[in-house]
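Participant: Need a 3D model of the following:
(one chain, ligands or ions: 1)
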Amino acid sequence: MSRTLGDSLTTAVRMESVRKTYGSGDTAVHALDGVSISLRRGSFTAVMGPSGSGKSTFLHCAAGLDRPTGGRVLLGDTELTGRREAELTELRRERIGFVFQAYNLLDALTVEQNILLPLRLANRPFEPEFLAEVVRSVGLDVPLDRRPAKLSGGQQQRVAIARALITRPDVMLLDEPTGALDTRTARQVLLALRHAVDRWGQTALMVTHDPVAASFADQVVFLADGRLAGELERSGAEQIAERMTHLGEW
Ligand SMILES: Nc1ncnc2c1ncn2[C@@H]1O[C@H](COP(=O)(O)OP(=O)(O)OP(=O)(O)O)[C@@H](O)[C@H]1O
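Facilitator: Numbers count the residues shown, from 1 in each chain. Next up is the predicted model:
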């Protein structure tokens, strides 16, 4: 299928028949077995599936952290497949924002320095107004000169989201971002994410086990045995949970 310039303007991430096999012969594990998907710019997608269905591998291939065994991955119109490690590192730094369950903040730095770190690493200037807007939008109401270890888990995750947003990345990739948070705090973090998508047209791809978290997304894609096993447009947590029960244990 031919692609036009319009594709890369409207598509943040495209995966075409992506396969990832670990090992070989009888012991080979097909973590991804021909996954094709396009993420529209400004959309929020949740990825769900049973344990071992390939969710982390999917996220890592989208980020250029794992090299697919077959198929192609494109970030906008930039093909990740076949690039050298140094180029991938730069692409990740400049164009992808990561948020993990463990916040991965540096305690030697203040909150503000943590948020600005991706810009410093990329040698890019920072705009104080944008920093203020990002801080406000994620609902971070702590002194910015504080050390992250002094903050609650919810506040630390907001710092991590602010750090991911500060470069205005093409896509934010989130791996269980609310996995360590209580229900109320998780909801606030998800609202902040939703805000970033709605307000700035940010694109987000989030792996989660939690149907409530997935209900904040525009679409939910389900993985089973390394393959796409269906999708739901924005849905309630009950409907998402119901679909999950048909995919097996989780
Ligand atoms: N480095 C690796 N070496 C060998 N097998 C791997 C490796 N990484 C993942 N796998 C296998 O690939 C499959 C998919 O793993 P993956 O971690 O992507 O699933 P997941 O859906 O994220 O699981 P979970 O919800 O438990 O985190 C599993 O069978 C896993 O054991």
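Participant: centroid residue for the protein?
Facilitator: In the chain, the centroid-proximal residue (C-alpha atoms, centre = their mean) is Leu173; its distance is 1.4 Å.
Participant: Checking it next. Helix, strand or coil?
Facilitator: Put simply, Leu173 is strand when judged by DSSP: H, G, I helix; E, B strand; the rest coil.
Participant: I'd like the distance between it and Ser36.
Facilitator: 18 Å (C-beta to C-beta, to the nearest Å). (C-beta placed from N, C-alpha, C; glycine too.)
Participant: does the residue nearest to the centre of the chain really touch Val99, like I thought?
Facilitator: Yes - counting by C-beta atoms under 8 Å, Leu173 does reach Val99; the two are 7.4 Å apart.
Participant: For this structure, what lies in contact range of the ligand?
Facilitator: By C-beta under 6 Å from any ligand atom, the residues of the chain that approach the ligand are Tyr22, Val29, Ala31, Gly49, Ser51, Gly52, Ser53, Gly54, Lys55, Ser56, Thr57.
Participant: Weed out the non-buried ones from those residues.
Facilitator: For the residues of the chain next to the ligand, a burial check counting by 16 or more other C-beta atoms under 10 Å picks out Ala31, Gly49, Gly52, Ser53, Gly54, Lys55, Ser56, Thr57.
Participant: Just give me the neighbour total for Glu129.
Facilitator: Residues near Glu129, counting by other C-beta atoms under 10 Å, number 8.
Participant: so is it in a helix, a strand, or just coil?
Facilitator: Judged by three-state DSSP, the three-state class of Glu129 is helix.
Participant: what does Ala12 give?
Facilitator: Here Ala12 is recorded as strand under three-state DSSP.
Participant: Which residue ranges of this protein form helices?
Facilitator: For the chain, applying DSSP state H gives helices covering 5-10, 55-62, 85-95, 111-121, 128-137, 153-165, 183-200, 211-214, 237-245.
Participant: Using PDB, write out every CA atom in stretch 100-116.
Facilitator: Written as PDB, here are the backbone C-alpha positions of stretch 100-116 (Å, rounded to 0.1, in the frame of the first residue of the first chain):
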ATOM      1  CA  PHE A 100       6.900   4.000  33.600                       C
ATOM      2  CA  GLN A 101       5.300   2.500  36.600                       C
ATOM      3  CA  ALA A 102       8.500   3.200  38.600                       C
ATOM      4  CA  TYR A 103       8.800   7.000  38.200                       C
ATOM      5  CA  ASN A 104      12.600   6.900  37.400                       C
ATOM      6  CA  LEU A 105      13.200  10.400  38.800                       C
ATOM      7  CA  LEU A 106      16.600  11.500  39.800                       C
ATOM      8  CA  ASP A 107      16.800  12.400  43.500                       C
ATOM      9  CA  ALA A 108      20.000  14.400  43.100                       C
ATOM     10  CA  LEU A 109      17.900  16.900  41.000                       C
ATOM     11  CA  THR A 110      15.000  19.100  42.000                       C
ATOM     12  CA  VAL A 111      11.500  18.600  40.600                       C
ATOM     13  CA  GLU A 112      12.100  21.400  38.100                       C
ATOM     14  CA  GLN A 113      15.500  20.000  37.000                       C
ATOM     15  CA  ASN A 114      13.900  16.500  36.500                       C
ATOM     16  CA  ILE A 115      11.200  18.000  34.300                       C
ATOM     17  CA  LEU A 116      13.700  20.000  32.200                       C
END
